[in-house]
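>>> Sequence and computational prediction follow.
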Amino acid sequence: MNRHQYRVGIVFALYKHLLLNKDLKECFSDDFNEDDDEFLNGICNDLMVNIDTYITEIAGHLKRWSFERLNYVDQAILLEAVSEISLGLNNKNIVIDEAIRIAKEYCDEDSYRYINGVLDNL
């Protein structure tokens with residue numbers, strides 16, 4: 001798998017966690033093997049520890065919205081991207097471009113715009 005595919009997989013696992021209120025570690029273990037890529041494991045481990053911090057950080061950049069009002073796919077994309085930025089795994093612009101690409105594939109028509117805005121302001 002390449003990094004884009006890992007990102008999409010992480011977004012799907014986060015979506016499952018958010019939608020079903022299923023344990024995040026279980027969601028990751030359902031979709032990935034422990035022997036998978038270091039990039040993937042770094043983000044998964046970081047999210048299991050820091051998800052609440054990232055939700056608070058994202059919520060601080062939403063104008064007139066709360067994190068909970070966003071749809072689950074948008075929430076998942078933002079969480080994956082914030083984790084990747086926080087870990088410094090890639091240049092911020094690359095992470096934002098990837099988040100926009102995923103949003104254009106899986107979200108409402110205009111979701112990518114506010115995802116871009118929130119991530120750009122981090």
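It's in. Numbering: from 1, shown residues only.
>>> Looking at this structure, which helix is longest?
Longest helix in the chain by number of residues, with DSSP state H as the criterion: helix 38-59.
>>> what are the ranges of the helices in this protein?
Taking DSSP H to define them, one finds helices in the chain at 3-20, 24-31, 38-59, 72-87, 92-106, 111-120.
>>> before we move on, back to that, average pLDDT for the longest helix of the chain?
Averaging the model's pLDDT scores along helix 38-59 yields 94.
>>> Identify the residues contacting it?
Applying CB atoms under 8 Å, 6 or more residues apart in numbering, the set of residues contacting helix 38-59 from outside is 3, 6, 9-10, 13-14, 24-25, 28, 32, 34, 66-67, 75, 78-80, 82-84, 86-87, 89, 118, 122. Glycine gets a C-beta too; all of them are placed from N, C-alpha and C.
>>> Which neighbouring elements make contact with the worst-scoring helix or strand of the chain on mean pLDDT?
Every helix and strand of the chain was ranked by mean pLDDT, DSSP states H and E. The lowest is helix 24-31, at a mean of 89. Using 3 or more CB pairs under 8 Å, 6 or more residues apart in numbering; DSSP states H and E as the contact definition, the elements that helix 24-31 packs against are helix 3-20, helix 38-59.
>>> any idea how far the most centrally placed residue in the chain is from Ile102?
Within the chain, one residue has its C-alpha closest to the average C-alpha position: by CA atoms, centre = their mean, that is Glu80, at 2.0 Å. From Glu80 over to Ile102 the distance is 8 Å, taken as CB to CB, to the nearest Å.
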